[in-house]
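Asks: Okay, here's the prediction I keep looking at, along with the sequence it came from:
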Amino acid sequence: MKRFHIHIGVSNLADSIRFYNALFGADPVKVKSDYAKWMLEDPRINFAISTRTAKNGVEHLGIQVDDATELDALRKQFSQANISTHSDGETTCCYAKSEKYWVNDPSGIPWEAYHTMEDAQFFSGENTSEGSCSIPDQNTSTTCCDTKPTKTSCCG
C-alpha cells in the first residue's frame, strides 16, 4: 500500500510541532532535535518537518511504499512513461534506511519514491554535524546525503 509523503522546512521546530499536533490531533511518531514525523492513517500520509532545509515551506513530495516490489513497480511506471529517474539505491537519510528513486515533475518539483527498511540513529548515517540530505538537482548523479550548499533535504 502506498502512503503520500510531504516534507516541509520549518524555522522553529517546537512551534511547528505544537501547530501540527493540533492540526492532526496526534503527536509525531519520531522527534529529533531537528526533525519530526507523523505517520497518519486518516489521511494516509507520512508528514515530516525539519530545520535542515534550504528554505521554509514544501521541500519535496513523495510516495512511500511498503516493500521493494512496490518500489520496483513505481520505477517501471516512470520508465514506461519516459520519466527520467535518479536512484540513490540504499541510503540513510532523515533517521531512516531506505531505497529511493527521484523524479522531477514538469515544474521542477522533486518527488521521491521510496521504501524504508528500518530506523536509523543518525540523520544521514553518521554521528557528525552533517548538512542536510539532498534532493538530486534535475536527476543528477549526486547521492542523498551530499552536503553541497545548493542541495536541499530528502527525508522520508
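Replies: Nice, thanks for sending it over.

Asks: For the rest of this, base every contact and every neighbour count on C-alpha atoms.
Replies: Fine.

Asks: What segments of this protein are strands?
Replies: Taking DSSP state E, the strands of the chain run over residues 3-9, 30-32, 35-41, 44-50, 57-65, 86-93, 96-104, 110-119.

Asks: Name the stretch from the ones you listed where average model confidence is lowest.
Replies: Sorting those by mean pLDDT places strand 86-93 lowest, at a mean of 76.

Asks: Identify each buried residue in that one, please.
Replies: 86-88, 90-93 (16 or more other CA atoms under 10 Å).

Asks: swap in stretch 18-26?
Replies: By neighbour count on 16+ other CA under 10 Å, the buried set for stretch 18-26 is Tyr20.

Asks: which other residues reach that stretch?
Replies: Residues outside stretch 18-26 that contact it (CA atoms under 8 Å, 6 or more residues apart in numbering): 27-28, 38.

Asks: Dump those to TSV, plus distance to Thr69.
Replies: Below are the contacts of stretch 18-26 laid out as TSV (distance: CA to CA, whole Å):
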residue	distance to Thr69
Asp27	31
Pro28	28
Trp38	24
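
Asks: now, among the residues you listed, which is nearest to Ile6?
Replies: Lowest distance from Ile6 to the contacts of stretch 18-26 (CA to CA) belongs to Trp38, with 10.2 Å.

Asks: Do I have it right that that closest one meets Val31?
Replies: No. Judged on CA atoms under 8 Å, Trp38 makes no contact with Val31 at a distance of 9.2 Å.
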